[in-house]
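Visitor: My questions concern the predicted model and sequence given below.
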Amino acid sequence: MSRSVAREGGFTRWLAGLQRGFAAILAMAGLLLAGCGPPDEPPLRVAMIGWIGYQPLNIALGQGELPGNEIRVAHFASNTESLRAFRNGNVDVAALTLDEALLLRADGHDIRVILLMDYSHGADTILARPGIETLGDLEGRRVGVENSAATAYLLARGLEHGGLGADAVEVVRVDAGRHTEAFVLGHVDALATFEPIRTRLLREGAVELFDSTRIPGEIIDVLVAHREALDLHRNHLTDLIRAWFRALDQLETNPGKARALIARHTDLSPQDLELALAGVQFPSLAENCKVLANDGQALHESTRRLVALMRENHLLAGPVGLDNLFDDRVLRAAGCPDHGAGDGR
């Protein structure tokens with residue numbers, strides 16, 4: 001072998017080794033970036049109100065599980081404000097009632113329900129001033145309601161149970177942030193409202209005429225996302241859902257600490273907070289995975305009934321398609337057992 005050929009072979013081996021080294025470095029960098037998620041994933045903006053069923057989000061906040069540079073939670077006074085922020089694109093996801101999600105779908109918003117947060121089981125209520133003892137006594141009275149929110153639905157169902165038509169009462173528009181004030185100052189005779197306002201007003205002597213135990217399964221709170229958010233914020237959404245279920249675990253395993261974190265966002269005593277929490281039921285991860293699988297087929301029948309009731313009570317103008325309304329992709333990413341994957345469109 002000549003000296004020139006030997007040099008050439010050595011150079012070739014050196015170059016091949018250098019290339020393998022670069023390949024290893026690039027592969028390692030890829031792994032590191034994959035672990036951190038897309039470097040350009042913007043902060044996730046979340047809307048919520050003080051409803052008792054959304055309080056696990058405040059538990060997660062209090063425990064530092066929702067860092068503000070990644071997941072920003074905006075607290076609104078009413079779901080009307082949350083809806084407005086969602087419609088205007090100021091937030092990416094919002095904690096809303098299912099009927100409000102249907103309103104968004106009817107308005108042409110491409111949304112997905114990605115989590116069942118809670119079922120109302122007594123926490124939504126119709127309260128009246130002393131002297132008004134039955135639903136029938138509401139005839140001709142002023143009833144405060146947030147027209148675009150679940151309270152309008154609750155009032156419609158309450159009137160139906162009381163044998164009254166929708167025009168039997170004078171509906172007074174009152175944003176949820178002013179419910180207590182309107183009731184205490186006598187601006188309304190009755191109020192369709194929810195926890196923690198319910199507990200505060202019962203302390204003031206309000207009479208409870210009707211609550212969501214009379215319409216089981218009809219008032220459901222859900223986490224609603226813009227369709228594009230599922231791709232743009234997939235890692236932050238997964239983190240949010242995991243934090244939600246860790247907060248639910250805290251309510252079970254460390255209730256004292258969890259309730260103390262909730263108390264920062266309400267003025268309820270420990271005893272009143274216990275009563276308020278008793279008015280909601282929180283579906284587990286397993287239940288969420290089961291009912292949201294396959295485009296939420298398990299929920300379609302009850303949701304169609306809800307659509308029909310809303311239309312009968314003039315709360316929904318047009319038809320609402322349920323195709324692709326429910327999406328379990330974030331739940332599956334958060335750790336669902338395999339209950340059957342949705343198509344994720």
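Guide: Thanks, I have it.
Visitor: Doesn't Arg112 belong to a helix?
Guide: No: per DSSP: H, G, I helix; E, B strand; the rest coil, Arg112 lies outside any helix segment and is strand.
Visitor: Quick check: it vs Gly64, distance?
Guide: Remark: distance between Arg112 and Gly64 (CB to CB, to the nearest Å) = 28 Å. Just so you know, the C-beta spots here come from the backbone N, C-alpha and C atoms, and that holds for glycine as well.
Visitor: More neighbours: these two, which one.
Guide: Neighbours of Arg112 and Gly64, each counted by other CB atoms under 10 Å, are more numerous for Arg112; the result is 28 against 9.
Visitor: Settle this for me: that one is touching Glu228, isn't it.
Guide: No: taking contacts as CB atoms under 8 Å, Arg112 lies outside contact range of Glu228: 10.0 Å.
Visitor: Which helix or strand in the chain has the lowest average pLDDT?
Guide: Among the helical and strand segments of the chain, the one scoring lowest on mean pLDDT, DSSP states H and E is helix 3-36, with a mean of 40.
Visitor: Report the spatially nearest residue to Thr303, omitting neighbours in sequence.
Guide: Leu322 (5.9 Å; CB to CB, 6 or more residues apart in numbering).
Visitor: Would you agree the one you found is in contact with Glu301?
Guide: No: judged on CB under 8 Å, Leu322 makes no contact with Glu301 at a distance of 10.1 Å.
Visitor: Specify which residue of these two has the higher count of neighbours.
Guide: Applying other CB under 10 Å to Leu322 and Glu301 shows that Leu322 carries more neighbours, namely 16 against 9.
Visitor: I'd like the distance between that one and Ile219.
Guide: For Leu322, the distance to Ile219 equals 18 Å [CB to CB].
Visitor: Show me how far stretch 287-294 is from its chain's centre.
Guide: Stretch 287-294 sits 16 Å away from the centroid of its parent chain (CA atoms, centre = their mean, to the nearest Å).
Visitor: Quick one: the strands in this structure, in order.
Guide: 44-48, 71-75, 93-97, 111-120, 124-128, 142-145, 170-173, 190-194, 207-211, 220-226, 280-281 (DSSP state E).
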